[in-house]
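Asks: Prediction below, plus the sequence it came from.
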Amino acid sequence: MAAKGSVPVARYVTGAWHAPHVRFPLAVLLACALAACTAPATTVTRTKTVTAQPSPRSPNLTPAARRTALVTRVVDGDTAHVRYHGRDVTIRFIGVDTPETVAPGQPIECYGPEASAFTTKKLAGETVRLEFDVDRIDPYGRTLAYIWLGRTLFNETLVRDGFAMVATYPPDTRYVQRFQAAQGDARGDGRGLWGAC
C-alpha cells in the first residue's frame, strides 16, 4: 500500500525510464526541445534579383514596339484586318464611326464609299501600331484599337478630314476630347461628310 501523500506508480511505468542514468539525459533533451520552441528563429536566405521579361505572346504586357501590325485588308472606313502576332485579327477603330458600306441589310450611306476608299489608300499594306484602351473586344468579336500610322493617330485623321463622326462608348474614352475638337473643326469647315451629306 502506498504511503499517505504518495502516488502509486503502475508496474508498467517502472523500469528503465525511471533509472537515474536515463532521467537526466531525457530531462536535458526535453529542456533543449522547449528552448528551441521558444527561441527566436533566424533564417538566412540568399536572393537573386531577376527582371521579368514579357512574353511576345502577351499583348497586355508587351512594349509598344511589339504592338505593330500589318494591315492586310480594309473592310470599310473604320474596320480593317491586320496580321498581329501571327494571326489575322479584325480591328474596329475606337472612338469613330464612318458611314456604312458593308453592313448586312443596310443601304450604303452618304460618304461611306469615300471613307472606305480613304482608309484603304492610307492603310492597306502599311505597318501600323495598335493602341488599346480599357475594352479589348467589342460585342461582335472585333479587337478595339487606336491606329497609329507613324506619329499620326489615324482615328483622329478620319474625324478631322470629315470621313467619320465621333462615336464614344465608355470606358474607351482616352482620346475623346481630341476627337471632339477635330470634329468641331471638320464640321465648321464643311469637310467631307459635313459638306456632302
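Replies: Done, it's in. Residues are numbered from 1 along each chain as shown.
Asks: which SSE is Ala186 in?
Replies: Assigning secondary structure by DSSP states H and E places Ala186 in helix 176-189.
Asks: As PDB, could you dump the C-alpha coordinates of the next helix or strand after that helix?
Replies: Downstream of helix 176-189, the first helix or strand assigned by DSSP H and E is helix 193-196. The C-alpha trace of helix 193-196 is given here as PDB (Å, rounded to 0.1, in the frame of the first residue of the first chain):
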ATOM      1  CA  LEU A 193     -19.400  64.200 -94.900                       C
ATOM      2  CA  TRP A 194     -20.300  67.600 -93.200                       C
ATOM      3  CA  GLY A 195     -20.400  69.300 -96.600                       C
ATOM      4  CA  ALA A 196     -21.600  66.400 -98.700                       C
END
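Asks: What average pLDDT does helix 193-196 get?
Replies: Mean pLDDT, helix 193-196: 97.
Asks: Around the closest residue to Phe118 other than its chain neighbours, count how many other residues there are.
Replies: Ranked by C-beta to C-beta, 6 or more residues apart in numbering and with sequence neighbours excluded, the top spatial neighbour of Phe118 is Phe163, at 5.3 Å. Every C-beta, even on glycine, is put in place using the N, C-alpha and C of the backbone. Phe163 has 26 neighbours, counted by other C-beta atoms under 10 Å.
Asks: Number the chain from 273, please
Replies: Got it, the first residue is 273 from now on, which makes the last one we talked about Phe435.
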